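Student: output the structure for:
(one chain, ligands or ions: 2)
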Amino acid sequence: MEVTVGTAALALALLLLPVLYERSGSFRFFCKMGFYNGWILLLALVAIPLCALRGRDVENMKIIRGLMQHVKHLYGIRMAVRGAQHFPPRQPYVVVSNHQSSLDLLGMMEVLPDRCVPIAKRELLYMGAVGVACWLGGIIFIDRKRTHDAISVMAEAAHTMLSQDVRVWVFPEGTRNHSGSMLPFKRGAFHLAVQAQVPVVPIVISSYQHFYSKRERRFTAGQCVIQVLPPLPTRGLGPADVPALTERVRAAMLEAFEALSAELRPTAPPPAPQ
Ligand SMILES: CCCCC/C=C\C/C=C\CCCCCCCC(=O)SCCNC(=O)CCNC(=O)[C@H](O)C(C)(C)COP(=O)(O)OP(=O)(O)OC[C@H]1O[C@@H](n2cnc3c(N)ncnc32)[C@H](O)[C@@H]1OP(=O)(O)O
Ligand SMILES: CCCCCCCC/C=C\CCCCCCCC(=O)OC[C@@H](O)COP(=O)(O)O
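Tutor: Numbering: from 1, shown residues only. Ligands and ions are numbered 1, 2, ... in the order given. Okay, the predicted model is just below:
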């Protein structure tokens, strides 16, 4: 009897889920984000054996990139890349981009150049299969609580970039930022570029506000533009030039971000005919 009541309750709950999904925006938001994380976890399980054939190697980022590229279609997110011609063709460089949410992975995988590895917080390494896949992809992990260690890791990265022809992707805001603007930039990425004497390539991912908002628990289909800006050379620059370089890059990115936000903001529907 108990089993029958339990089964009936479960069946009722399952029947109600689609209704809840249809009626509650919050429930829909949590389902979509849950599926996003779960799907990435599953993809990581697929990526691990494929990447393990090479061991820890930046070339594995091609496998991760390839496996991730369909995810935007599952969510109806249309992505357009502008300015891809700005990527320097055959040399190391430091990519810097704004960081709004974990959805940034989709934009990153849309434009990720070959032999380019992100710098990520160390906590990612402990996310089970995701951490293992990231490690196999050669992602560089930093401990944000230990500034001195993080700086050493980045100094080592400057050396690796030159000796192994590697590009590095940094989120200079240092954390996700849902504010609809950009946080002040930390200087690590710019020190890295100056130490390696390689260009900085700024990339702006347009605001998600019109289709995604964590605060409002809103996640619909939408459009996203990924704009690659002209690279800034660092040849001849030294540590004293880093603050000005940082501000120059941030100003250019903020200008592009605001222009994209204005362009993509949905216009009010035309008034209904009288
Ligand atoms: C299909 C399978 C899928 C499976 C896998 C799925 C997905 C995986 C795929 C891809 C994953 C990619 C994920 C990437 C996203 C992760 C994004 C993040 O984790 S963001 C968080 C981590 N990133 C950063 O923090 C980078 C930006 N931070 C910095 O650059 C910082 O400066 C810092 C180096 C971390 C240090 O930060 P801290 O707050 O501790 O100190 P300050 O910034 O105040 O700096 C202190 C002082 O030091 C100077 N400084 C900084 N860096 C350097 C340096 N390299 N060399 C010399 N000096 C340096 C800095 O200028 C300050 O001095 P001053 O105040 O005088 O200027
Ligand atoms: C054994 C442990 C198992 C744990 C399983 C965890 C499963 C998680 C599954 C999928 C996670 C997919 C998202 C991974 C990439 C997220 C990248 C990201 O956006 O990192 C955030 C970081 O930039 C800034 O962090 P904070 O905003 O400072 O915080």
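Student: run a quick neighbour tally on the residue of the chain found nearest ligand 1.
Tutor: In the chain, the residue that lies nearest ligand 1 is Gly188 (2.1 Å; CB to the nearest ligand atom). Placement of C-beta: from N, CA and C, glycine included. Neighbour count for Gly188, taken as other CB atoms under 10 Å: 23.
Student: cool, Gln85 as well?
Tutor: Neighbours of Gln85 (other CB under 10 Å): 8.
Student: got the contact list for it?
Tutor: Neighbouring residues of Gln85 by CB atoms under 8 Å, 6 or more residues apart in numbering: Val228.
Student: now do Ile119
Tutor: 139-142, 154, 157, 168-171, 188-189.
Student: at 7 Å instead, please
Tutor: The contact partners of Ile119, taken as CB atoms under 7 Å, 6 or more residues apart in numbering, are 140, 142, 168-170.
Student: what helix or strand is it located in?
Tutor: In this structure, Ile119 is located in strand 116-121 according to DSSP states H and E.
Student: same deal with Val242?
Tutor: Assigned by DSSP H and E, Val242 falls in helix 242-264.
Student: tell me what that helix is packed against?
Tutor: helix 188-196, strand 200-205, strand 222-228 (3 or more CB pairs under 7 Å, 6 or more residues apart in numbering; DSSP states H and E).
Student: how about those in TSV, adding distance to Glu59?
Tutor: Shown next, in TSV, are those (distance: least, CB to CB, whole Å):
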stretch	distance to Glu59
helix 188-196	20
strand 200-205	20
strand 222-228	22
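Student: redo the ones you listed as TSV? Include mean pLDDT.
Tutor: TSV is the format used below for these (pLDDT from 0 to 100):
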stretch	mean pLDDT
helix 188-196	98
strand 200-205	98
strand 222-228	97
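Student: nearest to Val71, of these?
Tutor: Each of those has some distance to Val71 by CB to CB; the shortest is strand 222-228, at 12.5 Å.
Student: render the CA-only coordinates of that closest one in PDB, please.
Tutor: C-alpha atoms of strand 222-228 as PDB (Å, rounded to 0.1, in the frame of the first residue of the first chain):
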ATOM      1  CA  GLY A 222      18.700  35.500 -27.400                       C
ATOM      2  CA  GLN A 223      21.600  37.000 -29.300                       C
ATOM      3  CA  CYS A 224      25.200  37.500 -28.300                       C
ATOM      4  CA  VAL A 225      28.000  39.300 -30.100                       C
ATOM      5  CA  ILE A 226      31.700  38.500 -29.500                       C
ATOM      6  CA  GLN A 227      33.800  41.400 -30.600                       C
ATOM      7  CA  VAL A 228      37.500  41.000 -31.100                       C
END
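Student: what pairs with it, parallel or antiparallel?
Tutor: Strand 222-228 has its sheet partners listed here by DSSP bridges as strand 77-82 (parallel), strand 200-205 (antiparallel).
Student: following the last one, which helix or strand comes up?
Tutor: Read it as strand 200-205. strand 212-213.
Student: ok, that next one: who's next to it in the sheet?
Tutor: Here, using DSSP bridges, strand 212-213 pairs with strand 218-219 (antiparallel).
Student: which residues does the partner strand contact?
Tutor: Residues contacting strand 218-219 (CB under 7 Å, 6+ apart): 25, 28-29, 32, 212.
Student: what's the burial count for Leu17?
Tutor: 11.
Student: tell me the most buried of the strands paired with strand 222-228?
Tutor: Comparing these by mean neighbour count (mean count of other CB atoms under 10 Å), strand 200-205 ranks first with a mean of 25.
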